[in-house]
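>>> need a 3D model of the following:
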Amino acid sequence: FRKPRKRIETLFSQLCDQFMIRRNYAKSFDGFKNRILSKIMAMTVIQCVVNFPINSTTII
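Down below sits the predicted model:
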């Protein structure tokens with residue numbers, strides 16, 4: 001379970017650092033949901049466009 005766990009922890013770390021996912025000023029649950037989804041989608045698009053894996057040491 002070491003590789004999947006490291007991959008997930010790396011993803012959460014990047015979300016917290018690059019997209020400031022902990023700082024969220026949403027006023028309602030819908031706003032919160034939309035902000036989180038948009039940040040996750042932005043990360044996914046960046047990875048697809050750049051074709052760079054989340055953790056460059058582990059390639060599927």
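
>>> C-alpha only now, for contacts and for neighbours.
OK.

>>> okay, residue 30: pLDDT?
Per-residue pLDDT puts residue 30 at 92.

>>> tell me the buried residues in the helix or strand where it lies?
If you go by DSSP states H and E, residue 30 is part of helix 29-50. Neighbour counts using 16 or more other Cα atoms under 10 Å place 35, 36, 39, 40, 43 of helix 29-50 among the buried residues.

>>> tell me which element residue 7 is part of?
Here residue 7 sits within helix 2-18, counting by DSSP H and E.

>>> phi first, then psi, for residue 24.
For residue 24, the backbone dihedrals (degrees, to the nearest 10) come out as phi -140, psi 120.

>>> residue ranges with poor pLDDT in this structure?
The model of the chain has pLDDT under 70 over residues 19, 21, 51-60.

>>> can you do 90?
Confidence mapping of the chain against pLDDT under 90 gives the ranges 1-29, 31-60.

>>> now do the residue nearest the centre of the chain against residue 46, distance only.
The residue at the geometric middle of the chain, judged as the C-alpha nearest the mean C-alpha position with Cα atoms, centre = their mean, is residue 15 (4.0 Å). Computed as Cα to Cα, to the nearest Å, the residue 15 to residue 46 distance reads 12 Å.

>>> over to residue 37?
When Cα to Cα is the yardstick, residue 37 and residue 46 sit 14 Å from each other.

>>> same question for residue 17.
Counting by Cα to Cα, the gap from residue 17 to residue 46 is 15 Å.

>>> again with residue 13
Distance, residue 13 to residue 46, by Cα to Cα: 16 Å.
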